[in-house]
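A.B. asks: show me how the following folds:
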Amino acid sequence: MYKPFSVVIVLVLVLASAGCAELPPGGFEWSGGASPPAETPAGEDPDSGYLTPVTPYPTATSDVVRPTLSRPPETTPTSDTYVTIYDQTIQYPEATKAFAFDLAKPPLIIEYEVEPKMITRIKHAKSDYGNREYKDYKQTYPSESAWFAVTIRDQESGTIVAEEGFGKLYSTDTRKKVFVGQSGNYLIQLAGNDAKVHVLMRAGGV
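C.D. replies: Residues are numbered from 1 along each chain as shown. Reported below is the predicted structural model:
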């Protein structure tokens, strides 16, 4: 026999047990379909505030030597406590950049990676194989005008303390590091052409 009273009791018990449910520790937040806030992209630091832009040191021009690429073996990065004072990608050709920096707590470490402009040409030549007929061959190589240089000078005397680069009179390694281990008031100069260069500068303290 059907008993409505029993059904009512069961419904009351179900609703009571549902009302006693507790939120998990810390609770939760209903998004309501809204998108989560956008994260701040981890990228370049266009103006860290540590370097002071100054007029580049006058330098003489030199002959351009056609470079060929070589890359050092990959190394595993290690953690450090240095302060980042500059972190930018520069697209050359661009005016020479120069910065004054008072290095109170050495060292000063400048790392950079060069991506030279690549030139592609079509060469019509005879094949060395098969019926030795003439064919079009695609050749890709770095621009003869691609180069980059980091020059660190003593601010007062103009004496070069350290320098390194890619192309011209330097090697064709695309990744290098410049190290200055003595305190001083320095002028850091970045120059180049036909290349995209990522430059990272760090110091022992500021």
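A.B. asks: tell me where this structure has helices.
C.D. replies: 4-19 (DSSP state H).
A.B. asks: ok, which stretches of the protein are strands?
C.D. replies: 52-53, 83-92, 97-103, 105-116, 118-126, 134-142, 147-154, 160-166, 175-180, 184-193, 195-205 (DSSP state E).
A.B. asks: now tabulate those strands in TSV and tack on mean neighbour count and mean pLDDT.
C.D. replies: Glycine gets a C-beta too; all of them are placed from N, C-alpha and C. Converted to TSV, these look like this (neighbours: other CB atoms under 10 Å; pLDDT from 0 to 100):
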stretch	mean neighbour count	mean pLDDT
strand 52-53	10	90
strand 83-92	16	97
strand 97-103	18	97
strand 105-116	19	97
strand 118-126	9	86
strand 134-142	11	85
strand 147-154	22	98
strand 160-166	18	97
strand 175-180	16	97
strand 184-193	21	98
strand 195-205	19	95
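A.B. asks: ok, Tyr50 touching Tyr86?
C.D. replies: Yes. Tyr50 lies in contact with Tyr86 (CB atoms under 8 Å); the separation is 7.3 Å.
A.B. asks: what touches both of the two?
C.D. replies: Here Tyr50 and Tyr86 have no joint contacts, going by CB atoms under 8 Å, 6 or more residues apart in numbering.
A.B. asks: if the residue nearest to Gly192 when sequence neighbours are not counted is in a bridge, with which residues?
C.D. replies: Of all residues not flanking Gly192 in the chain, Phe148 sits nearest, at 3.7 Å (CB to CB, 6 or more residues apart in numbering). Phe148 forms beta bridges with Phe166, Gly192, as assigned by DSSP bridges.
A.B. asks: could you do Ala203 as well?
C.D. replies: Val83, Leu108.
A.B. asks: check contacts around it.
C.D. replies: Tyr50, Tyr82, Val83, Ile85, Phe101, Leu103, Lys105, Pro106, Pro107, Leu108, Ile109 are the contacts of Ala203 under CB under 8 Å, 6+ apart.
A.B. asks: what of Val114?
C.D. replies: Ala146, Phe148, Phe166, Thr174, Arg175, Gly192, Ala195, Lys196, Val197.
A.B. asks: from what I can see the first one touches Gly165, true?
C.D. replies: This points to Ala146. No. Ala146 lies out of contact with Gly165 (CB under 8 Å); the separation is 11.1 Å.
A.B. asks: Thr174 versus the residue nearest to Val199 when sequence neighbours are not counted, what's the distance?
C.D. replies: Spatially, and ignoring its direct neighbours in sequence, Val199 is nearest to Tyr112 (4.7 Å; CB to CB, 6+ apart). Distance from Tyr112 to Thr174, counting by CB to CB, to the nearest Å: 9 Å.
A.B. asks: same question, Leu108
C.D. replies: 22 Å.
A.B. asks: try Phe166
C.D. replies: From Phe166 to Thr174 the distance is 7 Å (CB to CB).
A.B. asks: what's the overlap in contacts for these two?
C.D. replies: Val114, Pro116.
A.B. asks: wait, what's in contact with the closest residue to Pro53 other than its chain neighbours?
C.D. replies: Nearest non-adjacent residue to Pro53, counting by CB to CB, 6+ apart: Phe99, 5.9 Å away. Phe99 makes contacts with Leu51, Thr52, Pro53, Val54, Tyr86, Leu187, Ile188, Gln189, as judged by CB under 8 Å, 6+ apart.
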